[in-house]
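Engineer: Kindly generate the corresponding structure for this input.
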Amino acid sequence: MRIAAIIVAAGRGQRTGSDTPKQLRLLGEKPVFRWSVDAFQNHSEVDQCVLVIPAGQTGRYRDLVAPSVTLVEGGDTRSASVRAGLRACNIADDGIVLIHDAARPGLKAKTITSLVTALDTADASAPALPVADALKRKYDTALSTIDRTDLYRVQTPQAFRFNAIKEALGDDQNLVDDLAAIEAANGRVTLIVGDETLAKITYPEDHARLERLLMPASPAPRFGTGYDVHALEPGDGVTLCGVKISHTQSLVGHSDADVAWHALTDAILGAAALGDIGDHFPPSDPQWKGAPSDMFLKHAVDIANAAGWALTSCDLTLICEAPKIKPHREAMRQRTAEVTGLPISAISVKATTTEGLGFTGRKEGIAAQASAVLAPLA
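Structural biologist: Prediction:
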């Protein structure tokens, strides 16, 4: 094997203010340390993943990682834990080892690749960010300014030639980081561009900040509207929201002319930015002649789902002088619930007139307005 990764997770992590060690606190749906384990295991160039854990905790951690992860108990100091991890590595002396803090969950594949590449011309490499803030040293009530030119915040993982770090990290050392051992040996170090998501979780507010950085908020709900009109002609009834209502007129249309569900179909398609009902069911196509509108409505719900959106509520308004809608309203809500999969409590159906004005007032047709709210699928 050529490349191994060591993840140091043996600390107590008490400064976060939580009874649970910071590496075991959930970040999203998995413990903090698992973010780094997964990043290394999913990288095509990493051959071995070694997780250094607190003494006596092997059973607890074994249940949280894949069998391919090597578990080793750490020591009383960070450097002792790193040495334990190095002893567990199964790579050649000229191989590469990356040493990483489990409390830095924002590791990306491109960072691993860049660190490995940097070792072509260096003994060690590490991600780093230049210090941007003013630096001050405090003496009681006095301050002095520190020149921040060429100062860097060094992060992990830090990459080394395996034999170089084994030799440099003496048995009695307890270093601030592993790079210090190579620095002391006058080794060549390359700094690559760091990443704010590699920030370390140390204090209570750090966990919340990493949550915001690594798990952006879900997209906002979408809102769509639809409007449809169908003319009336002599007949025996109309179909509205899938309910056949006896009447002296019928609605004219290529399909079953369910003006309410046509409006709702357009509202759903509009909220999902998927066109309109005419795009999916063109009236010029004979296959849709007399087609039931539940087909159109269900199709809109399904393709919105496929695009990552779920219908969460809808509101329909029918505009007509006749027939009376109120006696049929609950049946219309029920049928709409059956087709869309919504609970009936999320469906509103209501009606109004235009006080005898316009084509609806003259009973020449029925109009419908609909609104739909879509939420991102989990």
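Engineer: got any ranges where the stretch 1-150 of the chain has weak pLDDT?
Structural biologist: Low-confidence segments of the stretch 1-150 of the chain, defined by pLDDT under 70: 12-18.
Engineer: all helices in it, in order from the N-terminus.
Structural biologist: 32-41, 58-62, 78-88, 109-118 (DSSP state H, counting those that start in this stretch).
Engineer: Next, the buried residues of the third one.
Structural biologist: Of the residues in helix 78-88, those scored as buried under the neighbour-count criterion (16 or more other Cβ atoms under 10 Å) are 78-86, 88. (C-beta placed from N, C-alpha, C; glycine too.)
Engineer: same thing with the second one?
Structural biologist: Of the residues in helix 58-62, those with enough neighbours to count as buried (16+ other Cβ under 10 Å) are residue 61.
Engineer: Walk me through the domains of this structure.
Structural biologist: 3-214, 222-376 (automatic domain parsing).
Engineer: Quick one: distance of the shortest one to the chain centre.
Structural biologist: Okay, so that is domain 222-376. Put simply, domain 222-376 sits 34 Å off its chain's centre (Cα atoms, centre = their mean, to the nearest Å).
Engineer: what about the strands in the stretch 201-350 of the chain?
Structural biologist: Using DSSP state E, counting those that start in this stretch, the strands of the stretch 201-350 of the chain run over residues 222-234, 237-240, 243-246, 249-251, 309-319, 347-352.
Engineer: Please export the C-alpha coordinates of the first one as PDB.
Structural biologist: Taking C-alpha atoms only, strand 222-234 is exported to PDB below (Å, rounded to 0.1, in the frame of the first residue of the first chain):
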ATOM      1  CA  ARG A 222     -41.700  27.100  -4.200                       C
ATOM      2  CA  PHE A 223     -45.000  28.700  -4.900                       C
ATOM      3  CA  GLY A 224     -46.900  28.400  -8.200                       C
ATOM      4  CA  THR A 225     -50.200  29.600  -9.600                       C
ATOM      5  CA  GLY A 226     -52.500  28.300 -12.300                       C
ATOM      6  CA  TYR A 227     -55.500  29.700 -14.200                       C
ATOM      7  CA  ASP A 228     -57.800  28.000 -16.600                       C
ATOM      8  CA  VAL A 229     -61.100  28.700 -18.400                       C
ATOM      9  CA  HIS A 230     -63.500  26.400 -20.300                       C
ATOM     10  CA  ALA A 231     -66.700  27.400 -22.100                       C
ATOM     11  CA  LEU A 232     -70.100  25.900 -21.300                       C
ATOM     12  CA  GLU A 233     -72.500  24.300 -23.700                       C
ATOM     13  CA  PRO A 234     -75.800  22.400 -23.300                       C
END
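Engineer: ok, and what's touching it?
Structural biologist: Outside strand 222-234, the residues that touch it by Cβ atoms under 8 Å, 6 or more residues apart in numbering are 238, 248-253, 257, 259-260, 262-273, 309, 359, 363-375.
Engineer: cool, and stretch 354-362?
Structural biologist: So stretch 354-362 is contacted by 229, 319-321, 353, 365-367 (Cβ under 8 Å, 6+ apart).
Engineer: how long is it end to end?
Structural biologist: 9 Å (Cα to Cα, to the nearest Å).
Engineer: one step back: who wins for proximity to residue 68 among the helices of the stretch 1-150 of the chain?
Structural biologist: helix 32-41 (7.1 Å; Cβ to Cβ).
Engineer: ok and the closest one relative to helix 109-118, angle-wise?
Structural biologist: 60 degrees (axes from the mean of the first three to the mean of the last three Cα atoms, to 10 degrees).
Engineer: For helix 32-41, which helices and strands make contact with it?
Structural biologist: Packing partners of helix 32-41 (3 or more Cβ pairs under 8 Å, 6 or more residues apart in numbering; DSSP states H and E): strand 3-8, strand 48-53, strand 96-101, helix 109-118.
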